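S.K.: Provide a 3D model corresponding to the input given below.
(2 chains)
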Amino acid sequence: MSKNTPKAIRGTQDIFGADAEAFAFVVETFERVRRLYRFRRIEMPVFEKTEVFARSLGETTDVVSKEMYSFEDRGGDSLTLRPEFTAGIARAYLTNGWQQHAPLKAATHGPLFRYERPQKGRYRQFHQIDAEIIGAAEPQADVELLAMADQLLKELGIEGVTLHLNTLGDGTSREAWRAALIDYFSAVKDQLSEDSQERLEKNPLRILDSKDGRDKPFLADAPKIDDFLSDKARAFFKAVTDGLDAAGVKWVRAEALVRGLDYYRHTAFEFIPDEGSAAADALGAQSTVLGGGRYDGLMESLGGPATPAVGWAAGIERLAMLVGERPESELELAIAIEGDSEQLFAAGVRTAMMARSEGITAEVFAAGSPRKRFDKAVKSGAKVIMAYSEDPDGKLESPRTKGDEADLERIGHVLREFALKLSN
RNA sequence: GCGAUCGUAGCUCAGUUGGUUAGAGCGCCGGUUUGUGGUACCGGAGGUCGGGGAUUCGAGCUCCCUCGGUCGCCCCA
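M.R.: Modelled structure (predicted):
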């Protein structure tokens, strides 16, 4: 590589071959499953006014304070490449009057951008699939959304991943719990890890899933959200769990599971690989495959009417890692051109076109030395190989074919059809 | 933002305690052989050993800086 060739941006990826097929498989499966649940496809811009994210995610969150790709455009507006989907969808919902479609079941996928240190399963440009139900206050919406997520993972053939479920309560129960956590941890602040001391200020809920050994002794006796839930919030959560049981979605309660962004209420969930599973191994330190929750407060933060909503997003790269390599489509018919005449090329191209119009994957091998074109056709792994050559007088010879009898039979009509035309 | 680790041909990697023109396999290109054709053999192109500086008679191998990759912490999908 020349040293004046520009390098790719850090944390971006160029995906090729079997990995790209895995990526496509995830997206295709998502598109199929989302239709089964009647989620409507939406598309949003990749960038928004910075305030869309700043106001909805919370100014103090790490995502907003240090991970956004923000820039000033030529008109002087501060714009930001979307670090997540939900805020942009909320904005679109409000500015387009999508309230008329409420409850709106929406699905999308595409690239997101966060300025982070890349590591296994984390990139600066990464891709997510996303599903939201907007304008639905009832727990059945949570259930449907989770059922879809569960089915998606199954259809992707991903095993060893379990739904971890929690409730953050409504606004007031969440605040009461938060206050109790601050009280509790402040009393032992000196003994906490540096990270957790900082979390005490910024996001006390996060202390609960600290990995630091110094914090662990205090976690078991920390205040539980269950003690702060209002009757309504408790009933809501029960309706969700009952619904999941009815839908046959397996779940476990995860009392320490919280969400990083400010707008979440009630249901919070993540699909996480089981410890020791192949999935956990494949993901490295990135435990969450799919995560989301209810965000009843988000629309108001953008100046809209109070609008209940639930949603989730999943990293396509992470799902693709769990799906494993996917083969590229097999070549069914390879056509080797054993010469350089126009007549031969024409015969090859026409045969290929005929095959493709019949739904047969075909490729013509006409580059490199004529001698080795057949070898290339063989190495392509094609099921059937056809070779075109000319006799010494320059007359096109009928093509020789090679392959299993079954394959020759299946593709044979193309060959016969061509032979007919050739004789005319 | 912090830490660990790695960075040699297109790819995967060798390169001994620093010492002559930096190697292999695969891939690519050409040829020979075989001949109904996925073999074998021969040859070729391709590297300023990530970049810069230092030490040394001499550095791919040592030291420093820097830029990347990978993995982890934070945070998060």
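
S.K.: what residues does the stretch 51-200 of chain A put near RNA strand B?
M.R.: A:61-63, A:67, A:84, A:114, A:116-123, A:126, A:128, A:195, A:199 (C-beta under 7 Å from any atom of the strand). Just so you know, the C-beta spots here come from the backbone N, C-alpha and C atoms, and that holds for glycine as well.

S.K.: could you redo the last one with a cut-off of 6 Å?
M.R.: Within the stretch 51-200 of chain A, the positions near RNA strand B by C-beta under 6 Å from any atom of the strand are A:61-63, A:114, A:116-123, A:126, A:128, A:195, A:199.

S.K.: Likewise for the stretch 201-350 of chain A?
M.R.: A:206, A:211, A:260-261, A:270, A:284-291, A:313-315, A:317-318, A:338.

S.K.: Among those residues, which lie within helices?
M.R.: Assigned to helices by DSSP state H, the following of these qualify: A:Glu317, A:Arg318.

S.K.: hang on, A:Arg32 packs against A:Gln151?
M.R.: No: at 10.2 Å, A:Arg32 does not count as touching A:Gln151 under the criterion of C-beta atoms under 8 Å.

S.K.: what about the two, which has more around it?
M.R.: A:Gln151 (17 against 11; other C-beta atoms under 10 Å).

S.K.: Kindly state the pLDDT recorded for A:Phe25?
M.R.: What the model reports as pLDDT for A:Phe25 is 95.

S.K.: which stretches of chain A have low pLDDT?
M.R.: A:1-4, A:260, A:419-424 (pLDDT under 70).

S.K.: Spatially central residue for it, please.
M.R.: A:Ile316 (2.5 Å; C-alpha atoms, centre = their mean).

S.K.: Okay, that one and A:Glu67: tell me how far apart.
M.R.: 19 Å (C-beta to C-beta, to the nearest Å).

S.K.: can you check A:Thr61 too?
M.R.: With C-beta to C-beta as the criterion, A:Thr61 and A:Glu67 are 9 Å apart.

S.K.: can you give me the offset of stretch A:297-312 from its chain's centre?
M.R.: Distance of stretch A:297-312 from the chain centroid (C-alpha atoms, centre = their mean, to the nearest Å) equals 23 Å.

S.K.: Just the C-alpha atoms of that stretch, please, in CSV.
M.R.: Taking Å, rounded to 0.1, in the frame of the first residue of the first chain, the C-alpha atoms of stretch A:297-312 are listed here in CSV:
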residue,chain,number,x,y,z
GLY,A,297,-40.5,11.0,29.5
LEU,A,298,-38.7,11.5,26.2
MET,A,299,-41.3,13.3,24.1
GLU,A,300,-41.7,16.0,26.7
SER,A,301,-38.0,16.6,26.8
LEU,A,302,-38.3,17.6,23.2
GLY,A,303,-41.3,19.9,23.8
GLY,A,304,-43.9,17.4,22.8
PRO,A,305,-47.0,16.1,24.6
ALA,A,306,-46.5,13.4,27.2
THR,A,307,-46.3,10.3,25.0
PRO,A,308,-45.7,6.8,26.4
ALA,A,309,-43.3,4.7,24.3
VAL,A,310,-41.1,1.6,24.4
GLY,A,311,-38.3,0.5,22.2
TRP,A,312,-35.1,-1.5,21.8
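
S.K.: Quick check: the residue of the stretch 101-250 of chain A nearest RNA strand B.
M.R.: Closest residue of the stretch 101-250 of chain A to RNA strand B, C-beta to the nearest atom of the strand: A:Lys120 (3.1 Å).

S.K.: Could you tell me how many residues sit around that residue?
M.R.: Residues near A:Lys120, counting by other C-beta under 10 Å, number 13.

S.K.: Just confirm it contacts A:Ala282, I think it does.
M.R.: No: using C-beta under 8 Å, A:Lys120 is not in contact with A:Ala282; the gap is 9.0 Å.

S.K.: In PyMOL, how would I select the buried members of the residues of the stretch 51-200 of chain A next to RNA strand B?
M.R.: To isolate the buried members of those in PyMOL, using 16 or more other C-beta atoms under 10 Å:
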select buried, chain A and resi 61+62+63+114+116+121+122+123+126+128+199
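
S.K.: Which ones among the residues of the stretch 51-200 of chain A next to RNA strand B lie within helices?
M.R.: Reading helices off those with DSSP H, I get A:Asp62, A:Val63, A:Asp195, A:Arg199.

S.K.: Show me how chain A divides into domains.
M.R.: Annotated domains of chain A cover A:17-170+A:230-323, A:333-423 [automatic domain parsing].

S.K.: Now do the same for A:Asp130: helix, strand or coil?
M.R.: strand (DSSP: H, G, I helix; E, B strand; the rest coil).

S.K.: Is it bridged to anything, and to what?
M.R.: Beta bridges link A:Asp130 to A:Thr108, A:Ala313 when assigned by DSSP bridges.

S.K.: you'd agree it is up against A:Pro111?
M.R.: No: using C-beta under 8 Å as the test, A:Asp130 is too far from A:Pro111 to be in contact (11.7 Å).

S.K.: For the two, work out which one has more neighbours and name it.
M.R.: A:Asp130 (25 against 14).

S.K.: how far out from the middle of the chain is the helix or strand that contains A:Arg55?
M.R.: Following DSSP states H and E, one finds A:Arg55 within helix A:50-57. In terms of C-alpha atoms, centre = their mean, the gap separating the centre of helix A:50-57 from the centre of its chain is 22 Å.

S.K.: can you check stretch A:33-46 too?
M.R.: Taking C-alpha atoms, centre = their mean, the mean C-alpha location of stretch A:33-46 is offset from the chain mean by 13 Å.

S.K.: Which positions within it qualify as buried?
M.R.: The neighbour-count check on stretch A:33-46 (16+ other C-beta under 10 Å) flags A:Val33, A:Arg34, A:Tyr37, A:Phe39, A:Ile42, A:Met44 as buried.

S.K.: closest to A:Arg10 among the residues you listed?
M.R.: Ranked by distance to A:Arg10 (C-beta to C-beta), the buried residues of stretch A:33-46 are led by A:Met44 at 25.5 Å.

S.K.: nearest spatial neighbour of that closest one, skipping sequence neighbours?
M.R.: Residue nearest to A:Met44 in three dimensions, not counting chain neighbours: A:Gly88, with 4.6 Å by C-beta to C-beta, 6 or more residues apart in numbering.
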